[in-house]
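Q: Mind folding the following:
(2 chains)
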Protein chains: 2
Amino acid sequence: MTKKNAFYAQSGGVTAVINASACGVIETARQHKDKIGNVYAGRNGIIGALTEDLIDTGKESAANIAALRHTPGGAFGSCRYKLKGIEENRAQYERLIEVFKAHDIGYFFYNGGGDSQDTAHKVSQIGAELGYPITCVGIPKTVDNDLPITDNCPGFGSVAKYVAVSTREAAYDVASMAKTSTKIFVMEVMGRHAGWIAAAAGLAQEQEGDAPHIILFPEVAFDQAKFLKQVDKAVKKYDYCVIVVSEGVRDKDGKFLSDSGIKDAFGHAQLGGVAPMLANLIKHELGHKFHWAVADYLQRSARHIAAKTDVEQAYALGKAAVELALKGKNAVMPTIVRKSNKPYRWTIGEAKLADVANVEKMMPKNFISRNGFEITDACREYLAPLIKGEDYPPYKNGLPQYARMKNVAVAKKLKARFKI
Amino acid sequence: MTKKNAFYAQSGGVTAVINASACGVIETARQHKDKIGNVYAGRNGIIGALTEDLIDTGKESAANIAALRHTPGGAFGSCRYKLKGIEENRAQYERLIEVFKAHDIGYFFYNGGGDSQDTAHKVSQIGAELGYPITCVGIPKTVDNDLPITDNCPGFGSVAKYVAVSTREAAYDVASMAKTSTKIFVMEVMGRHAGWIAAAAGLAQEQEGDAPHIILFPEVAFDQAKFLKQVDKAVKKYDYCVIVVSEGVRDKDGKFLSDSGIKDAFGHAQLGGVAPMLANLIKHELGHKFHWAVADYLQRSARHIAAKTDVEQAYALGKAAVELALKGKNAVMPTIVRKSNKPYRWTIGEAKLADVANVEKMMPKNFISRNGFEITDACREYLAPLIKGEDYPPYKNGLPQYARMKNVAVAKKLKARFKI
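A: Predicted coordinates for the structure are as follows:
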């Protein structure tokens, strides 16, 4: 096996633990200097490869690479840039191979969701076709938890923990205020297609009466009358009602509730914000005082409350990706395999990229209660281990100390520039 | 000194550490059983005293009382219920004294903001007047940090830490996405009258270029053109812009920006949400993709990321309140006195309720930069110690374990009922 350089890139929305995967990749590669030369990272993801804008991770100290394990966001930059099909834009793929060739890159590690696994798969095909075979290994990442085959996706567990903790904390607040003030709290969470993140709020409930009292899933068409009845029931029984709503909740015609078609004070279309809309609806129909929150990026960047399980799995998948590549495995993605729930045990498995690409894993039907507002015991059993454990970052002066990368560019070798 | 019972109540918006003060009161009272009999808590604050709905904290185990130190919200319930002036509604005050007399209450501890300190002051006056002298001690609490005399207010430090940490984390996320996606992140924080909480976001900035790039204070009239220019400058320089906006920001006519006068999809007035409004403005004027968050209750209930300094001070003030009462001090409030910044040292002082009541402490002018978008070094020096230290709650199954109170009612002794 001749020594080759490796290319690593982050793709799509970043998470609290995608850098833990990067850490796993780079630290493991550094342990195999006989087989892997430099690890080059794409600046802003795959765009860095297309524009030959590579970062030399060898210029980062061991301490800085280690700090990636506790640093949120994407340390080398990510992008939302989906490569087209090979038929539509062969030039993009040829350019990738050209850049890899110029920098003697023999390994391609792509850290992302479904689209990215598809890209990694295509790169492996075109490489072989163009006579420059390259070992392509995907590394799963997505807060949406929608990749197939793997039991769960790194990034999701930490969002799940954030949402469950925040729901519990806010509920303690609302419960205190309910007698004379706020009775309704609505928290909006991510998840445009699937209700995984909203479902995680259900973990905050340990006893009858605990929040959340209502979860609104994208999988369940919003029924205004039924919803208001449920709110009313909760307020009558517990004196307050905590609602967790997925940003992706839709009406019976499939239209996003947040797509209100209204204009704001500046006369611009008002985007997003299903939480304030529901809160106002309740105020108008039932008369209760409300508060609402939209966690948005806070939920997926909250490294300070990341789940230990999630951090460990993210790191392990980065490490496994390098090990698979060194074994000569191509067009694969390491996965999480659940061995048992009590005690929770998991191990690393392996999936073919061809089987992962462009397949979305939805929430099983039996994870949502019959009334459509709660999670089932089966769901709870699945979710519970994923938020386990705390993995606090180091603090200085009261603030978490996250890695500051140098991100030194590798000298360009190609004359041709590539336009994105 | 004859033995008397004590009454404790929580007032106004609750915080991540108001229960730490309750813990300080109850644990200290329990150490002086020769002078203080039972500690009765008002169910839902002062309403519990008016309606003779008292909670016997003696029924709670020592472990449960200790757990209050790490439990957010108001364990006995709080209320937004301002007692009227004595002239307007003498009956309310007479009722309080009647209830205190019936339950042999000689100490009144009132844990709240400016209004509550005013109430405590009045109760002490009317008690003496009615021939039932009662020792009244206020305990400061408010995330708004607007009480006079005390250097800072318990509850604020933890919100400040939450806001600074969240700003830093979200900025790591946005910076990763800026090349091809989100360039703008707007986070809305509490503070209707003063910019203390928004200012705390400034602590996230350690180096030139760090977020937040813009802070909008209620103290500075919003100037749309100047604001957009500043956003544009940040995006050109750093490729992204993180904005932290106080919910209380106003235009030059003093009108809240969030008071939009618009209707939502249900035809109801759209309340709140200055963050989405600003994000949409930027999109419309500068064309950048955005994300926004409204932290709302999450920020003030986030006990999981409370500042150690804040927890310690909240507890110490509860303890000091009991000690002041035992020394026979009446109509006073313990305060935080800052002794030095480096190293940060503080001690407990004492203020007269007459001097505290109804005085609002605003942010000093020299805490806001000349351009109106940043905090100054003086502000940083003041704020920095308040977010210091972590004080994690215990976890089980990945979730913080907060106290569950029994809140057993004390048998009523009065025949007359009081209507709220």
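
Q: Low-confidence ranges, chain A, go.
A: Within chain A, the set of residues satisfying pLDDT under 70 comprises A:1, A:260-272.

Q: what ranges do the strands span in it?
A: A:4-10, A:36-42, A:54-56, A:105-112, A:135-140, A:184-189, A:214-216, A:241-246, A:290-294, A:332-340, A:345-352, A:395-396, A:399-400 (DSSP state E).

Q: Dump those into TSV; add distance to B:Lys255 and mean neighbour count as well.
A: Backbone N, C-alpha and C define where each C-beta goes, glycine included. Shown next, in TSV, are the strands of chain A (distance: least, CB to CB, whole Å; neighbours: other CB atoms under 10 Å in any protein chain shown):
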stretch	distance to B:Lys255	mean neighbour count
strand A:4-10	43	26
strand A:36-42	47	25
strand A:54-56	48	23
strand A:105-112	45	27
strand A:135-140	49	29
strand A:184-189	26	29
strand A:214-216	33	25
strand A:241-246	30	28
strand A:290-294	22	25
strand A:332-340	52	20
strand A:345-352	55	16
strand A:395-396	40	13
strand A:399-400	35	21
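
Q: now for the ones you listed, which one comes closest to chain B?
A: strand A:290-294 (3.9 Å; CB to the nearest CB).

Q: got the CA positions of the closest one in CSV?
A: Extracted in CSV, the C-alpha atoms of strand A:290-294 (Å, rounded to 0.1, in the frame of the first residue of the first chain):
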residue,chain,number,x,y,z
PHE,A,290,-48.2,32.9,26.8
HIS,A,291,-44.5,32.9,26.2
TRP,A,292,-42.8,31.3,23.2
ALA,A,293,-39.2,30.4,22.2
VAL,A,294,-37.5,29.5,19.0
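
Q: Just give me the longest helix of chain A.
A: helix A:156-177 (DSSP state H).

Q: could the strands of chain A be laid out in TSV, adding distance to B:Phe418?
A: Converted to TSV, the strands of chain A look like this (distance: least, CB to CB, whole Å):
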stretch	distance to B:Phe418
strand A:4-10	62
strand A:36-42	69
strand A:54-56	70
strand A:105-112	63
strand A:135-140	61
strand A:184-189	27
strand A:214-216	34
strand A:241-246	28
strand A:290-294	28
strand A:332-340	58
strand A:345-352	59
strand A:395-396	49
strand A:399-400	48
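
Q: Also compute the angle for the longest helix of chain A relative to strand A:290-294, please.
A: Angle of helix A:156-177 versus strand A:290-294, following axes from the mean of the first three to the mean of the last three CA atoms, to 10 degrees, is 160 degrees.

Q: which helices and strands does helix A:156-177 pack with?
A: strand A:184-189, helix A:196-201, strand A:241-246, strand A:290-294, helix A:297-301, helix A:308-326, helix B:297-301, strand B:399-400 (3 or more CB pairs under 8 Å, 6 or more residues apart in numbering or on different chains; DSSP states H and E).

Q: again, only using 6 Å
A: Counting contacts by 3 or more CB pairs under 6 Å, 6 or more residues apart in numbering or on different chains; DSSP states H and E, helix A:156-177 is packed against strand A:184-189, helix A:196-201, helix A:297-301, helix A:308-326, helix B:297-301.

Q: would you turn these into a markdown table with distance to B:Val174?
A: Shown next, in a markdown table, are the helices and strands packed on helix A:156-177 (distance: least, CB to CB, whole Å):
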| stretch | distance to B:Val174 |
| --- | --- |
| strand A:184-189 | 18 |
| helix A:196-201 | 19 |
| helix A:297-301 | 7 |
| helix A:308-326 | 20 |
| helix B:297-301 | 19 |
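
Q: gap between the longest helix of chain A and the chain center?
A: Offset of helix A:156-177 from its chain centre (CA atoms, centre = their mean, to the nearest Å): 19 Å.

Q: Likewise for stretch A:133-141?
A: Centre to centre, stretch against its chain (CA atoms, centre = their mean), the figure for stretch A:133-141 is 18 Å.

Q: Likewise for stretch A:295-308?
A: 10 Å.

Q: Ok, stretch A:98-118 next?
A: Mean-position distance between stretch A:98-118 and its chain equals 20 Å (CA atoms, centre = their mean).

Q: Start and end of it, how far apart?
A: 20 Å (CA to CA, to the nearest Å).

Q: Likewise for stretch A:56-69?
A: First residue to last in stretch A:56-69 (CA to CA) measures 18 Å.
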